[in-house]
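Build me a model from this:
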Amino acid sequence: MSDHALICELQDLLTQKHVITSKRANEHFRTGWRSGGGDALAVIFPQSLLTLWKSLEICVKADVIIIMQAANTGLTEGSTPSGHDYDREVVVINTLAMDDLIVLGEGQQVIGLAGTTLHTLEKKLKPLSRAPHSIIGSSCLGASIVGGVANNSGGALVKRGPAYTELSLFARVTKENKLELVNHLDIELGDTPEQILTNLENRNFNLVDIKSNKQASAKDYVEKLRDVDADTPSRFNADESKLYESSGCAGKVAVFAVRLDTFEVPKLEKTFYIGTNTPQVLTKIRRDILSNFKNLPEVGEYLHRDMFEIAKNFGKDTFLSVQHLGTDKLPMLFAIKGRIDAILNKFSVLPAFLSDRLMQGVAKIFPLHLPQRMMKFHENYEHHLILKMSDEGVQEAEQYLQKLFSDSLDNGSYFVCTPTEQNAAFLHRFAAAGAAIRYQILNQNKVGEILALDIALRRNDDDWVEELPEDLSKKLVKRLYYGHFFCHVFHQDYILKKGEDVREVKEQLLTLLKNRGAKFPAEHNVGHLYEAGDSLKTFYEQLDPTNRFNPGIGKLDKFKRNCSCG
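All right, here's what the predicted structure looks like:
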């Protein structure tokens, strides 16, 4: 099929409005959230599951590459084209229009369609006193449920592990180059793709009888987390035990829907803000709570003093936006900002990233946004831990922390957050990831590139504070550390000095991490920035034997494979 014929057929199916071929108009959807991007023949927007299926049929018949995309909030370039060296034309399929959420039973499970966002899930479950696997994270405003499952994403909630399910509905291309729909939702929806997709979208099935022998969450995670002497990480993207069809697929199949567990909302929650200058104190807290507490924390977020400072100065507009506007409007505002930046950055007479500069300037007008006690801890302590406990765990934590910090003044200190302080603490942590990027953007004349790593340390690694050799340290302007402390998953942002080679620094850092037994990436997946290991490569090839979907992911080849001839 010629390119022209392909576009015409897609337009006949979806209308011209939902098939964008202009490079200028579709640039936002071909560009990664932090970095990356490439060419595409078109970006298309199916409005229903059935038109998504028919779009896939047309693309497979035309022998083009298919890149599935929802909110495009990934940090490792995994949901956009990458470069200009594909051997076939590329079509990006954006799924955000298919955003329905189906509640099963009394809310114990849900089915999220291809474009349903985490924000929608959180809002829909709130009246049911249920909670999702993840809460909205600092880097994923507007992120989709399917995107989280496809990337085995983790999150801030201690007890819930990586996003995982064995119950999904997806399309794959077989080694004979045939498109097929696989219904593994454990729900009877019919026999043909038309029946299955129409019945699902119209809720034409039993919403109450939700029994299944398959898992819809990582039910083994708490047990794994409590094993603090294990010589392996608790979670990371390429964990073989969590690679199953749609889970961890990274866009190597087209996912129409996933079925997931939800969780009871605690009746009581209390947040403790902990500060210390001795990392071993936080190590002891982590080991004691995971080993001895009957109740695990809901959240345990770590923030280094340097990251606190950067977030205070360069994440203030994000903090204030969420505080005053809520999260409802932010996904739309971030999307608008991305489109504006794409247009304005084309004009050399204008400063680069003008919207960031304006937002930073407006934020400075407002008074200090952080509570006094948090600022005092910032002055006094290098290491900060935000610990949220629930129900019976509140009393456990109160007794434990009171004894720990009364035994020795050298341990540090803590305070029980008021509701205002609790909101501020988590909003501040929320703003941290974007703040590092903002700092680098606004200081490009003085600093080099930003290198962002998300890594999982071994569960028994008590020396979690990174020590860098002098020859590497001198290449950096800033080292910014924050993360999910009880999971031992850390986000590490490095701002390089002007002129330093980011690829060279990255290789040096990854070598050090390998020698420590760390795994990476921990929750943002390989994308086009990390090399897939042997087990992940095998998983991708089994899912997508002809290399039709998202080729090049994990630094694998981008070329068509002909599997039918052996």
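
Where does the prediction get shaky in the chain?
Scanning the chain with the threshold set as pLDDT under 70 gives 136-141, 327-339, 341-351, 563-566.

repeat that with 50
Applying pLDDT under 50 to the chain picks out residues 138-140, 565-566.

From D239, how far out is Y530?
Between Y530 and D239 the computed distance is 14 Å (Cβ to Cβ, to the nearest Å). Heads up, the C-betas are built off the backbone N, CA and C, glycines and all.

now N199: how far from L401?
53 Å.

and what of P419?
Taken as Cβ to Cβ, the span from P419 to L401 is 19 Å.

Give me the more crowded residue out of those two.
A direct count of neighbours by other Cβ atoms under 10 Å for P419 and L401 places L401 higher, at 20 against 8.

is it true that the more buried one touches F415?
No: using Cβ atoms under 8 Å, L401 is not in contact with F415, being 9.8 Å away.

between the two, what contacts are shared?
F272 (Cβ atoms under 8 Å, 6 or more residues apart in numbering).

any idea which helix or strand comes after the biggest helix by length in the chain?
In the chain, with assignment by DSSP state H, the single longest helix is helix 419-442. Downstream of helix 419-442, the first helix or strand assigned by DSSP states H and E is strand 447-456.

C-alpha coordinates for that next one, PDB please?
This file holds the C-alpha atoms of strand 447-456, laid out as PDB (Å, rounded to 0.1, in the frame of the first residue of the first chain):
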ATOM      1  CA  VAL A 447      25.700  24.000  33.200                       C
ATOM      2  CA  GLY A 448      25.700  21.000  30.900                       C
ATOM      3  CA  GLU A 449      23.100  18.300  30.300                       C
ATOM      4  CA  ILE A 450      20.900  16.600  32.900                       C
ATOM      5  CA  LEU A 451      21.200  12.800  33.400                       C
ATOM      6  CA  ALA A 452      18.300  11.200  35.200                       C
ATOM      7  CA  LEU A 453      18.600   7.600  36.500                       C
ATOM      8  CA  ASP A 454      16.100   5.600  38.400                       C
ATOM      9  CA  ILE A 455      17.800   2.700  40.100                       C
ATOM     10  CA  ALA A 456      16.900  -0.200  42.400                       C
END
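
Give the next helix or strand downstream of it.
Sequence order places helix 470-473 as the next helix or strand after strand 447-456, per DSSP H and E.

which helices and strands sit right next to that next one?
Where contact means 3 or more Cβ pairs under 8 Å, 6 or more residues apart in numbering; DSSP states H and E, helix 470-473 is packed against helix 502-515.

Contacts only, for K284.
Residues counted as contacts of K284 (Cβ under 8 Å, 6+ apart) are L404.

Torsion angles phi and psi at it?
With angles defined as degrees, to the nearest 10, K284 sits at phi -60, psi -40.

One more: the one 10 residues further on?
Here the main-chain torsion angles of K294 (degrees, to the nearest 10) amount to phi -70, psi -30.

Next one: it from D391, what distance?
According to Cβ to Cβ, K294 and D391 sit 10 Å apart.

Compare those two and say which is more crowded by neighbours.
D391 (15 against 7).

Quick check, the more buried one in contact with P266.
Yes: applying Cβ under 8 Å, one finds D391 in contact with P266, separated by 5.2 Å.

Overlap in contacts, the two.
With contacts taken as Cβ under 8 Å, 6+ apart, D391 and P266 have no neighbour in common.

close enough to count as contact, L118 and L125?
No: with contact defined as Cβ under 8 Å, L118 does not count as touching L125 (10.7 Å).

who has more neighbours, those two?
Counting neighbours by other Cβ under 10 Å for L118 and for L125 shows that L118 has the greater number, 28 against 19.

phi, psi of the more buried one?
Phi and psi for L118, reported as degrees, to the nearest 10, are phi -60, psi -30.

circling back to that earlier point, tell me which residues of the longest helix of the chain come out buried.
For helix 419-442, a neighbour-count test (16 or more other Cβ atoms under 10 Å) marks 421-442 as buried.

Please tell me I have it right and P297 contacts C487.
No: with contact defined as Cβ under 8 Å, P297 does not reach C487; the gap is 10.7 Å.

Need the overlap of contacts for the two.
Joint contacts of P297 and C487 (Cβ under 8 Å, 6+ apart) are V158.

Pull up the overlap in contacts between L118 and L125.
In contact with both L118 and L125: P132, using Cβ under 8 Å, 6+ apart.

Show me where the stretch 51-200 of the chain has its helices.
Secondary structure of the stretch 51-200 of the chain (DSSP state H, counting those that start in this stretch): helices at 118-125, 145-150, 193-201.

closest to I274 out of the ones you listed?
Proximity to I274 (Cβ to Cβ) singles out helix 118-125 among the helices of the stretch 51-200 of the chain, at 26.7 Å.

So for the closest one, what gets flagged as buried?
So for helix 118-125, counting by 16+ other Cβ under 10 Å, buried means 118-122, 124-125.

how many neighbours does W33 have?
Under the neighbour criterion other Cβ under 10 Å, W33 is assigned a count of 20.

contacting residues around it?
Contacts of W33 (Cβ under 8 Å, 6+ apart): 72-75, 139.

neighbour-wise, which of those leads?
For the contacts of W33, neighbours tallied by other Cβ under 10 Å; top is G74, 27 neighbours.

Make sure that one is actually in contact with E523.
No: G74 is beyond contact range of E523, at 10.8 Å (criterion: Cβ under 8 Å).

so what's in contact with the two at the same time?
N151.

Do you have the strands of the stretch 301-450 of the chain handy? List them.
383-390, 413-416, 447-456 (DSSP state E, counting those that start in this stretch).

And the shortest one, what's buried?
In terms of neighbour count (16+ other Cβ under 10 Å), strand 413-416 has its buried residues at 414-415.
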